[in-house]
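Q: Any chance you can model this:
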Amino acid sequence: MRVGSIVFATQSGLGILAKDFYDNGIITDVIVVEHGNYQNMNWYEDSHIIKNHTVTKDDRDKIFDFVKSVDCLFLFETNFFPEILEAAKQYNKKVILMPMYESTLFPLQADLYLCPSLLDFDYYNYMYEGRKIKTVTVPVNSNIEWKERTHANKFVHNAGNGSFDDRNGTNVVIEALKYIKSPIELVVRSQKNSYIIEDKRVEVINSNIDYKDLWKDGDVFLFPERFNALSLPIQEAFASGMLVMCGNRYPLNNWLPNLPMLEVSNYEIKQNNNIQYKSAIYNPKNIASCIDNWYGNNIETYSKLGKQWYDNNNWNKLKQDYINKIIEECNL
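A: Modelled structure (predicted):
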């Protein structure tokens, strides 16, 4: 079974998600969208692609030849170029899409919408009534290693690659620092923006380190994200044994321990690429209070809950479910 996809080869959420599906054999063939950081072609060196086979909107023949060569397509969030769907229709190839409610542009036609969270499922079930829509759990990244964390002393925040609308809540974390009374350690990592934080309790790392190393150190993942439905960093931090301090909102509060969660004071309606979404608003004083209340506390129970969650949501547990859905949808 050859399942094709068009991907970023970058250490971004979308790139890492596709790479993990490739590593676990869900997608087998890829073409890579040309991107400023697409040099990680060795990620896919064993696939059925020609070396350095990147595509742009002008590579119509490459795209059509690729779609013709696979049994079906599995797309993550976007098809990048309309030629992908045009070729799928011409060659009668089924399209499975894993949509993201805050990023996937309408209308994006797919034979099966495989929603990665309950929020995505609710959203697409309403917007695309009558379409084939299912929900699945996205397995936690294969490279995450669990380590027991005992006390909430060292906090970690990932600013990420500078995506829109302060997605990861970095600005409110910085604002909360002035209200935090405890002698915490805080590591702020950023792939893109160069943050300068004048606080002796804070270490800022402005570099694009290997994402697998993000979870080796630290006790608490401080992440007042604003609108994620699927959050790979939250999954990975929890599976690594860290206490997760993120927004107390749906669907994250359906599967994470609620007690350490951050209060959402309000929501605002925002728009990105003509897509409307609800963006959480946090009070920095409330975040500071939560941090002070947890600082130094024993968190072994929460760390072990992360291990249990990983044991039930890893690729060994969930891989066959994806394979079954692809076989069923694509009649393979």
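Q: Settle this for me: Lys94 is touching Ile327, isn't it.
A: No - with contacts counted by Cβ atoms under 8 Å, Lys94 stays clear of Ile327, the gap being 10.9 Å. C-beta: built from backbone N, CA, C; applies to glycine.
Q: Neighbour count: those two, which is higher?
A: Neighbours per residue (other Cβ atoms under 10 Å) separate Lys94 from Ile327, with Lys94 holding more: 18 against 13.
Q: Look up how far Phe66 lies from the more buried one.
A: Going from Lys94 to Phe66 by Cβ to Cβ, to the nearest Å gives 15 Å.
Q: Number of residues surrounding Glu145?
A: Glu145: 11 surrounding residues under other Cβ under 10 Å.
Q: How about it, nearest residue that isn't a chain neighbour?
A: Spatial nearest neighbour of Glu145, chain neighbours left out: Ser240 (6.7 Å); criterion: Cβ to Cβ, 6 or more residues apart in numbering.
Q: Can you read off the pLDDT for Ala110?
A: Here, the pLDDT recorded for Ala110 equals 92.
Q: who touches it in this structure?
A: 75, 95-97, 99, 131 (Cβ atoms under 8 Å, 6 or more residues apart in numbering).
Q: before we move on, what about Leu256?
A: Contacts of Leu256 were listed using Cβ under 8 Å, 6+ apart, and they are 234, 238, 244, 246.
Q: top of these by neighbour count?
A: Compared across the contacts of Leu256, Phe238 has the highest neighbour count, 29 neighbours, by other Cβ under 10 Å.
Q: Can you give me the end-to-end span of stretch 196-206?
A: Start-to-end span of stretch 196-206 (Cα to Cα, to the nearest Å) is 9 Å.
Q: and for that stretch, what are the contacting residues?
A: Residues outside stretch 196-206 that contact it (Cβ under 8 Å, 6+ apart) are 174, 177, 180, 183-190, 193-195.
Q: just stretch 65-74 next, same as before
A: 1-5, 21, 26-29, 31, 48-49, 84, 87-88, 91, 93-96, 98, 326, 329-330, 332.
Q: Narrow these to those that are buried.
A: 3-5, 21, 26-29, 31, 49, 84, 87-88, 93-96, 98, 326, 329-330 (16 or more other Cβ atoms under 10 Å).
Q: now, which of those residues lie within strands?
A: In strands, defined here by DSSP state E, the members of the buried ones among the contacts of stretch 65-74 are 3-5, 29, 31, 94-96, 98.
Q: Helices along the chain, start to end?
A: With DSSP state H as the criterion, the chain has helices at 13-23, 60-69, 82-90, 118-127, 170-176, 232-239, 284-294, 300-312, 315-330.
Q: Which of the ones you listed sits closest to Glu225?
A: Closest to Glu225 of the helices of the chain, according to Cβ to Cβ: helix 232-239, at 7.4 Å.
Q: Tell me which other helices or strands the closest one touches.
A: Contacting helix 232-239 under the criterion 3 or more Cβ pairs under 8 Å, 6 or more residues apart in numbering; DSSP states H and E are the following elements: helix 13-23, strand 154-160, strand 220-223, strand 243-246, helix 300-312.
Q: In contact with the spatially most central residue of the chain: list those residues for me.
A: Centroid-nearest residue in the chain: Leu232, 3.5 Å away (criterion: Cα atoms, centre = their mean). Leu232 sits next to 13, 16-17, 138, 141 when contact means Cβ under 8 Å, 6+ apart.
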